[in-house]
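Asker: Provided below are the primary sequence and the corresponding predicted coordinates.
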Amino acid sequence: MILKPPQSVGGTLLKNESSVGVSLGLDGSNASRKNCPFSLAYFAAALVLVFLKSLEMGSHDASTTTNCDSLPVQGKRVSGQRREYLARRRFQRGVLELRGENWTVRFREDMLQPDGLVRRVEVRRVVGTRAELTRPLARRRADEIVSHVNGFNYRPVRVATLAEFVDVWKERALALMKPSTRKAAEAHLRVYLLPQFGKARLDELDTGSVQVFVTAMAKQGRSRHYIKNVLSTLRSMLRSARSWSYLVGDFQFADLRLPAESVRKAPRFFTASQAVEIIEVAREPWRTVFSVAAMTGMRPGEVFGLTLDDLDFERRLIHVRQTAYYSKLQTPKTRSSIASVPMPGPLEAVLREFLRTWKPNAARLLFATRNGTPFAENNVVQRRLWPILDRLGIARCGMHAFRHTHASLLVA
């Protein structure tokens, strides 16, 4: 006997129910009806109806949630506007290979694209040389390199060339540094780093390529100190890139070979008599500027950064709290530069005489331009110091010569 659900009587069946019957395995005989009462058949039909409705609801939900076009990429779950990256499903050891004289490991890593999608690509890392590592040791070191992609907190990394990352680094990090640091870093990028590595990806910068760059700079006559400054800019960029989830080469700067120290020239300085002649010929405020530089040994920027509040006549001290760099105030060069220096008796007399004609300014600077800004060292040297040196027949030099003269004046 075939029984239909009670809802079909005198009504309309739901979708996929019109041709569905319920087979109870009963015939139309009276014996069969006695063995299977109507209540039992009705109960069985009701159960089948509930089952059919659940099937319809499941198919309806599936049709709205299994659309292939709306599925996120592998390894990423999208929930509203937030994207959560899941842990990798497959454990990797990487493929250890001997390429030339170097052991390398090849594995796959998730790359975060500019459009926000994740793409899994194959990467290769240098493990070490064949001379220093046997295969078992190379395998152990390769496992350490690949271990980060198997970690529970692993996240996809970003890929960029050095030229592409420079714009991000300037906006996020370099803009927060001191003006002197920014100027030096921009010069390093413009003259050396971008022409050499601008088209290279950050993960392609290894010990070999950077060593070639260092050797080329040394052949151009660049000193060890200058090369270290350029490498310091590159190191700062790569450190920031690594902390911002960019894919970066894992080489160590300590592995680089730098040129030997060259013989340094003796720094220029004035004799005591020359310093006195320069101070006597100079007019104010340069007479006081040169006196402070010669009698305290302060850096030129520290002299131009002095304020009226930095002069302590009671204890005869001058407090160094800031420095001027291209007419802008900033912190001193080092932490130890923030200190107090003695104010000799002759310098105290010069300062008290200068304060009689001192003109106030908004920043209370001891030496200020007509606009109330600090003096720029290069302008003072070219427009004020050099004419005096030419008049006295002294070779031209910068204001740092006063700093080196300080010891000679103390002895005098």
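Answerer: Structure's in. What do you need?
Asker: all strands for the stretch 101-250 of the chain, in order.
Answerer: 102-112, 118-129, 157-158 (DSSP state E, counting those that start in this stretch).
Asker: Least reliable of those by average pLDDT, please.
Answerer: In terms of average pLDDT, strand 157-158 trails the rest of the strands of the stretch 101-250 of the chain, at a mean of 80.
Asker: so where is the chain shaky, pLDDT-wise?
Answerer: 1-90, 114-115, 407-412 (pLDDT under 70).
Asker: show me where the stretch 301-412 of the chain has helices.
Answerer: 345-355, 377-380, 386-392, 400-411 (DSSP state H, counting those that start in this stretch).
Asker: got a markdown table for the ones you listed, with mean neighbour count and distance to residue 186 too?
Answerer: In this view, the C-beta of every residue, glycine as well, is placed from N, C-alpha and C. Listed next are the helices of the stretch 301-412 of the chain as a markdown table, based on neighbours: other CB atoms under 10 Å; distance: least, CB to CB, whole Å:
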| stretch | mean neighbour count | distance to residue 186 |
| --- | --- | --- |
| helix 345-355 | 14 | 37 |
| helix 377-380 | 16 | 17 |
| helix 386-392 | 14 | 28 |
| helix 400-411 | 18 | 23 |
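Asker: need the strands of the stretch 101-250 of the chain in JSON lines with mean neighbour count and distance to residue 246, can you?
Answerer: Shown next, in JSON lines, are those (neighbours: other CB under 10 Å; distance: least, CB to CB, whole Å):
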{"stretch": "strand 102-112", "mean neighbour count": "19", "distance to residue 246": "9"}
{"stretch": "strand 118-129", "mean neighbour count": "15", "distance to residue 246": "13"}
{"stretch": "strand 157-158", "mean neighbour count": "20", "distance to residue 246": "5"}
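Asker: what about those, which gets the closest to residue 404?
Answerer: Closest approach to residue 404 among the strands of the stretch 101-250 of the chain is made by strand 118-129 (46.8 Å; CB to CB).
Asker: Dump that closest one to CSV, restricted to CA.
Answerer: This file holds the C-alpha atoms of strand 118-129, laid out as CSV (Å, rounded to 0.1, in the frame of the first residue of the first chain):
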residue,chain,number,x,y,z
VAL,A,118,46.9,35.0,-0.7
ARG,A,119,49.0,33.2,-3.2
ARG,A,120,51.2,30.2,-2.4
VAL,A,121,54.6,30.4,-4.2
GLU,A,122,57.8,28.4,-4.1
VAL,A,123,60.8,30.0,-2.4
ARG,A,124,64.4,28.9,-1.9
ARG,A,125,66.8,29.7,0.9
VAL,A,126,70.5,29.2,1.2
VAL,A,127,71.3,26.8,4.1
GLY,A,128,75.1,26.9,4.0
THR,A,129,78.1,25.7,2.0
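Asker: Partner strands of it and their direction?
Answerer: strand 102-112 (antiparallel) (DSSP bridges).
Asker: ok so, going back, tabulate the helices of the stretch 301-412 of the chain in TSV, adding columns for distance to residue 148.
Answerer: What follows is these, written out as TSV (distance: least, CB to CB, whole Å):
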stretch	distance to residue 148
helix 345-355	60
helix 377-380	48
helix 386-392	58
helix 400-411	48
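Asker: picking up where we left off before, TSV please, covering the strands of the stretch 101-250 of the chain and showing distance to residue 256.
Answerer: Below are the strands of the stretch 101-250 of the chain laid out as TSV (distance: least, CB to CB, whole Å):
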stretch	distance to residue 256
strand 102-112	17
strand 118-129	15
strand 157-158	24
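Asker: sorry, back to before: quick one, which of the helices of the stretch 301-412 of the chain gets closest to residue 260.
Answerer: Residue 260 lies closest, by CB to CB, to one member of these: helix 400-411, at 25.1 Å.
Asker: Can you check which of the helices of the stretch 301-412 of the chain gets nearest to residue 244?
Answerer: helix 377-380 (35.8 Å).
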